[in-house]
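# next comes the sequence, and after it the predicted model I'd like to discuss.
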Amino acid sequence: MNILAIESSCDETAAAVVRDGRIILSDVVLSQADMHALYGGVVPEIASRRHIEAVASLCDRALEDAKIKKSDIDAVAATYAPGLIGALLVGLNFGKAAAFSLEKPFVAVHHMRGHIAANYLSFPELKPPFLCLLISGGHSLLVDVRGYTEFHVMGSTRDDAAGEAFDKAARALGLGYPGGAAMDALSKGGDEAKYALPRAKVEGNDLDMSFSGLKTAALNIINRANQTGEELDKASLAAGFAAAVSDALVPRAVMAAKRAGRTVLCAAGGVAANSRIRRDLTGACVQNDLKLYIPPLKLCGDNAAMIGAQAYYEFLAGNTAAMEQNACATLDISQRRL
Ligand code: KG4
Ligand code: ZN
């Protein structure tokens, strides 16, 4: 089954063709990051406009790269939640129109379910159940993936997402937007113990996380250096920051896997590209007898192939959408909204 998939929830316009949820026939991503970098973050109106300009030609390109004709498409899928509402509507409406005109089913996909499905594209043997550490610019979640379309959230951030914290610290360090990857590169060679950074514990659910205190601590160190003229060791601050984020995520992911009785741990989302987190996950999984899967860097960030992968399993579960399907800015991963 060939699915044409579209992703437009934030600042990447993407289209892909995926076969049977597992094989990428094509995968094209057009990032708008350069445009938004001028403003230090995503400007929703600009994002929507850019998606409109790009979506049709990207879909043509995805079909061309996949070497298939429109008549070879068996279903069309698009991200419908969560994300910037105007941005989501562009991909969703284009997807619905394409499905309608091709007389094929339409599948609406939750963006974070898509991130998890990036693992199915990378690891043919992987099947639920497993525990997923799902870390992106907008979300930090520990999800028990009980089935391809059945999710249970065991822990989440109480404030900033991990990626958001990286981006805010990176901006204060003058690294531009989005700054997670630049922070990662900068941290190489830094001394992670040089600056004292907090590891927050939250009341209640011990699998919940908090990153706002860490972000504030980093901003205070940067501001103090700016005010006193003391030289800031940016590499050490970046290394300490990554260590603190990883210390919040990795032990909780292992704890969640054990509590859920899972022997497989997956990571997903843009922040799963972080080298420190990948290294710590690898060590923790060896120590705790967990099998670890992390997608290659290209499939950690936003793309449409992951949407096509999840769409296949939504389709098999009977989760097709009507032409009335709307977009939602926020939606729990365990829910569907029609
Ligand atoms: O999943 P994603 O592409 O988009 C969302 O759904 O949000 O994640 C983007 C986030 C950004 O915050 C970006 O700075 C972060 O992932 N990121 C990283 C790295 N690469 C991307 N954070 C830390 N280290 C990285 N290597
Ligand atoms: Zn994403």
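Thanks, I have it. Numbering: from 1, shown residues only. Ligands and ions are numbered 1, 2, ... in the order given.

# pull the number of nearby residues for the residue in the stretch 1-150 of the chain that ligand 1 sits nearest to.
Per CB to the nearest ligand atom, residue 137 is where the stretch 1-150 of the chain lies closest to ligand 1, at 2.7 Å. Placement of C-beta: from N, CA and C, glycine included. Per other CB atoms under 10 Å, the neighbour tally for residue 137 reads 22.

# with residue 264 instead?
Residue 264: 20 surrounding residues under other CB under 10 Å.

# can you check residue 230 too?
The number of residues packed near residue 230 is 10, by other CB under 10 Å.

# which parts of the stretch 101-250 of the chain sit against ligand 1?
115, 136-138, 163, 166-167, 178-181, 184 (CB under 6 Å from any ligand atom).

# now with 5 Å, please.
136-138, 163, 166-167, 178, 180-181, 184 (CB under 5 Å from any ligand atom).

# test my guess that the residue of the stretch 1-150 of the chain closest to ligand 1 contacts residue 161.
Yes - judged on CB atoms under 8 Å, residue 137 makes contact with residue 161 at a distance of 6.2 Å.

# is the residue of the stretch 1-150 of the chain closest to ligand 1 located within a helix, as I assumed?
No - counting by DSSP: H, G, I helix; E, B strand; the rest coil, residue 137 is not part of a helix but coil.

# residue 82 versus that one, what's the distance?
Residue 137 is 11 Å from residue 82, where distance means CB to CB, to the nearest Å.

# what does residue 198 give?
Taken as CB to CB, the span from residue 198 to residue 82 is 28 Å.

# these two: who's more crowded?
Set side by side, residue 198 and residue 82 show more neighbours around residue 82, with 21 against 14, by other CB under 10 Å.

# need the three-state assignment for residue 24.
strand.

# name the nearest residue to it, sequence neighbours excluded.
residue 305 (4.8 Å; CB to CB, 6 or more residues apart in numbering).

# what's around that neighbour, how many residues?
The burial count for residue 305: 29, using other CB under 10 Å.

# which bits of the chain sit near ligand 2?
Taking CB under 5 Å from the ion as the criterion, the chain approaches ligand 2 at residues 136, 302.

# for the chain, just list every one of the helices.
33-37, 44-66, 85-102, 111-122, 162-172, 180-187, 212-228, 234-260, 275-287, 297-300, 305-316 (DSSP state H).

# looking at these, which is buried most?
Mean neighbours per residue, mean count of other CB atoms under 10 Å, is largest over those for helix 305-316, with a mean of 28.

# who does it touch, helix- and strand-wise?
strand 2-7, strand 12-19, strand 23-31, strand 75-81, strand 106-110, helix 111-122 (3 or more CB pairs under 8 Å, 6 or more residues apart in numbering; DSSP states H and E).

# that helix and ligand 1, any residue contact?
No - if you take CB under 5 Å from any ligand atom as the test, helix 305-316 misses ligand 1, and the best it gets is 9.5 Å.

# next one: phi and psi at the nearest residue to residue 9 once chain neighbours are set aside?
Nearest residue to residue 9 in three dimensions, chain neighbours excluded: residue 83, at 2.8 Å (CB to CB, 6+ apart). Per-residue torsions, residue 83: phi 160, psi -170 (degrees, to the nearest 10).

# list the contacts of the closest residue to residue 325 other than its chain neighbours.
Among residues not flanking residue 325 along the chain, residue 108 sits closest, at 5.0 Å (CB to CB, 6+ apart). Counting by CB atoms under 8 Å, 6 or more residues apart in numbering, residue 108 touches 77-81, 92, 314, 319, 321, 325, 338.

# against residue 294, how distant is residue 33?
Taking CB to CB, one finds residue 33 at 22 Å from residue 294.

# walk me through the domains of the protein.
2-117+302-316, 127-298 (automatic domain parsing).

# find the nearest non-adjacent residue to the residue positioned nearest the centre of the chain, please.
Centroid-nearest residue in the chain, with CA atoms, centre = their mean: residue 269, separated by 2.9 Å. Closest residue to residue 269 apart from its sequence neighbours, by CB to CB, 6+ apart: residue 136 at 3.6 Å.

# neighbours of the one you found, how many?
24.

# that one touches residue 160, doesn't it?
No - the criterion here is CB under 8 Å, and residue 136 misses it with residue 160 at 11.9 Å.

# hang on, the earlier thing: and the residue nearest to residue 269, backbone torsions?
According to degrees, to the nearest 10, residue 136 has phi -130, psi -170.
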